[in-house]
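Visitor: Just a sequence and a predicted model for now, questions to come.
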2 protein chains.
Amino acid sequence: MTAEPPVSPATAGEPARPRRRDATETRQLLLDAARQRFARDGYAATTVRDIADDAGVNVALINRYFSSKEGLFEACLRAAGDELRRTTGQTPADRVPEAIARHIADLGTAGLSSQLTLLLRSSGDAGADEIRRGVLSRASEQLAAARGWRPGEPGGEQILLRAQMALAAGIGVAVLRSSSIQLEPLSSATEEDLVGPLRDLVDALLPPR
Amino acid sequence: MTAEPPVSPATAGEPARPRRRDATETRQLLLDAARQRFARDGYAATTVRDIADDAGVNVALINRYFSSKEGLFEACLRAAGDELRRTTGQTPADRVPEAIARHIADLGTAGLSSQLTLLLRSSGDAGADEIRRGVLSRASEQLAAARGWRPGEPGGEQILLRAQMALAAGIGVAVLRSSSIQLEPLSSATEEDLVGPLRDLVDALLPPR
DNA sequence: GAAGCAAGTCAACATATGTTTACATTGCGT
DNA sequence: ACGCAATGTAAACATATGTTGACTTGCTTC
């Protein structure tokens, strides 16, 4: 239907693969290719043949290892959730804005921007929606907790709401910088350009105590 | 491929249409149905038959009036741009956060939230990308101008960048509240719940002078 | 009322796409 | 070395989908 720009030159020019016929490795190749495609083009616009070609792998293996395109997508969401939790996990409270700026600024295909963009992609499947909601929920709670929020605390709802707004801002920035939009000057802003405004933003929403 | 929930009961139960065989009206019906579908499900996941059914109109008319699915999508983007410019046009500088809060809080299919969500949808077509970039660019310049930015002014780049971050925050909030995500408590927050944090956010990014 | 034209309908087509099935090949344990 | 399960391949299928062309229907004008 539309053009089909490959997302990366399959596997980089390694003349002899160390281990072929390794199920774990091809599973990972598929996961990586799928995450890039899904994040960049969305679920519906990505075909299983695109993913398989990027991974340098036969199409049928998607159904073998992930049951279906939906299954592969859910696996991508889980992986993005894990990576998000890992990167945002141990951030000291006073470094939250800097951490967000640094991770948002990274436009690489493995960076946080890419994970956030992926997390917005919808497949229309209820299972995937549930996973996404869980991941985003946890992320906002982590962010709120870094600024003193505790579950069930009176008035905590307000803090959680503000944390979700900060998360929304990060997501919005990631989206407006992403390849399909590239709003300038936001898109070519560096980490140093972003950290100041982001600190103002986060500190205004979640005042450090 | 996926389920197919209609977006609204075609045309509400009007027993006798006032004017049938009215090209302008059916064009508008198609535009409205398409904007809802595209905003909710994205470009690739929306089929022309879905749109035609929602509009209560024959499929072939999409190609007659808009040349192609792409053409219809571009028309939707232009319409969203017009509506965005109209709603954000005459906002006094000191009411910007309130205006954003009010418009973001409106989750109706014609509200600003829906327009912003639509503007994020990508079709992979270069023409559509250009339209989107233009609309978002103008919106951020309007926002910056409301806080004293003037084109070409020294140091104005910083203000524009901050305005785009505020726009990004609004977009992020709209997305996290949208039907496919519905992050709580953000999703059920009312205009009053949003206005406080949004004022803090906008004022921190674009200090009123 | 007939001609002419815009508006709308219907059916078909060409292709893209997710999935399955049957078959080939590799490597490991014995 | 041999068999066997695991891994990978190729082709086909059923269907969804954008688009097109021929045809019909209603409105307007003379």
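Guide: Yep, that arrived.
Visitor: what stretches of chain A score poorly on pLDDT?
Guide: Chain A contains residues with pLDDT under 70 at A:1-19.
Visitor: What ranges does it have for its strands?
Guide: Using DSSP state E, chain A contains no strands.
Visitor: For chain A, which residues are neighbours of DNA strand D?
Guide: Applying C-beta under 7 Å from any atom of the strand, we find that chain A lies next to DNA strand D at A:1, A:20-23, A:25-26, A:57-61, A:64. For glycine as for every other residue, the C-beta is placed from the backbone atoms N, C-alpha and C.
Visitor: could you redo the last one with a cut-off of 6 Å?
Guide: Within chain A, the positions near DNA strand D by C-beta under 6 Å from any atom of the strand are A:R21, A:D22, A:A23, A:T26, A:V57, A:N58, A:A60, A:L61.
Visitor: Tabulate these (CSV), appending distance to DNA strand C and neighbour count.
Guide: Formatted as CSV, the residues of chain A next to DNA strand D follow (distance: C-beta to the nearest atom of the strand, whole Å; neighbours: other C-beta atoms under 10 Å in any protein chain shown):
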residue, distance to DNA strand C, neighbour count
A:R21, 5, 7
A:D22, 9, 12
A:A23, 11, 10
A:T26, 13, 18
A:V57, 12, 20
A:N58, 8, 11
A:A60, 4, 10
A:L61, 9, 17
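Visitor: can you tell me which two in these are farthest apart?
Guide: The span of the residues of chain A next to DNA strand D, defined through C-beta to C-beta, is set by A:D22 and A:A60 at 16.9 Å.
Visitor: residue closest to the middle of chain A?
Guide: What sits nearest the mean C-alpha location of chain A, by C-alpha atoms, centre = their mean, is A:Q115, with 0.9 Å.
Visitor: what's the nearest residue to that residue if we skip its chain neighbours?
Guide: Counting by C-beta to C-beta, 6 or more residues apart in numbering or on different chains, A:A80 is the residue found nearest to A:Q115 once chain neighbours are left out, at 4.4 Å.
Visitor: what number of residues lie near that neighbour?
Guide: 24 (other C-beta atoms under 10 Å in any protein chain shown).
Visitor: how far away is it from A:L194?
Guide: According to C-beta to C-beta, to the nearest Å, A:A80 and A:L194 sit 21 Å apart.
Visitor: now do A:L176
Guide: Look at A:L176 and A:L194: by C-beta to C-beta, they are 12 Å apart.
Visitor: now do A:W149
Guide: Per C-beta to C-beta, A:W149 is found 24 Å from A:L194.
Visitor: cool, and A:A105?
Guide: Using C-beta to C-beta, A:A105 is found at 6 Å from A:L194.
Visitor: what's the answer for A:I51, then?
Guide: Separation of A:I51 from A:L194 (C-beta to C-beta) stands at 31 Å.
Visitor: Counting neighbours, go ahead and name the busier of these two.
Guide: The neighbour comparison of A:I51 against A:L194 (other C-beta under 10 Å) goes to A:I51, with 26 against 23.
Visitor: For that one, which residues are in contact?
Guide: A:L30, A:A33, A:A34, A:R37, A:I62, A:L72 (C-beta atoms under 8 Å, 6 or more residues apart in numbering or on different chains).
Visitor: Is it correct that the fourth one is in contact with A:D54?
Guide: Yes: taking C-beta atoms under 8 Å as the contact criterion, A:R37 and A:D54 are neighbours in contact, 6.6 Å apart.
Visitor: hmm, back to that, any of the contacts of A:I51 buried? List them.
Guide: A:L30, A:A33, A:A34, A:R37, A:I62, A:L72 (16 or more other C-beta atoms under 10 Å in any protein chain shown).
Visitor: farthest pair in those residues?
Guide: The widest separation within the buried ones among the contacts of A:I51 (C-beta to C-beta) is 11.8 Å, between A:R37 and A:I62.
Visitor: now the closest residue to A:L120 other than its chain neighbours: how far from A:R102?
Guide: Spatial nearest neighbour of A:L120, chain neighbours left out: B:V175 (6.1 Å); criterion: C-beta to C-beta, 6+ apart. Applying C-beta to C-beta, the value for B:V175 to A:R102 is 23 Å.
Visitor: now swap in A:T117 and tell me
Guide: 17 Å.
Visitor: Between the two, which is the more surrounded one?
Guide: A direct count of neighbours by other C-beta under 10 Å for A:T117 and A:R102 places A:T117 higher, at 22 against 17.
Visitor: mind listing what the more buried one touches?
Guide: With the criterion set at C-beta under 8 Å, 6+ apart, A:T117 makes contact with A:A39, A:R40, A:A174, A:V175, A:S178.
Visitor: I'd guessed the last one sits against A:S113; true?
Guide: I take that to be A:S178. Yes: with contact defined as C-beta under 8 Å, A:S178 reaches A:S113; the gap is 7.0 Å.
Visitor: residues from chain A in reach of DNA strand C?
Guide: By C-beta under 6 Å from any atom of the strand, the part of chain A that sits against DNA strand C consists of A:M1, A:R20, A:R21, A:T47, A:V48, A:R49, A:V59, A:A60, A:N63, A:S68, A:K69.
Visitor: Find the residue closest to A:D94 in space, skipping its chain neighbours.
Guide: Leaving aside its sequence neighbours, A:D94 sits nearest to A:P208 (C-beta to C-beta, 6+ apart; 6.0 Å).
Visitor: For the nearest residue to A:T88 once chain neighbours are set aside, give its distance to DNA strand D.
Guide: Nearest non-adjacent residue to A:T88, counting by C-beta to C-beta, 6+ apart: A:Q142, 5.7 Å away. In this structure, A:Q142 and DNA strand D are 36 Å apart, going by C-beta to the nearest atom of the strand, to the nearest Å.
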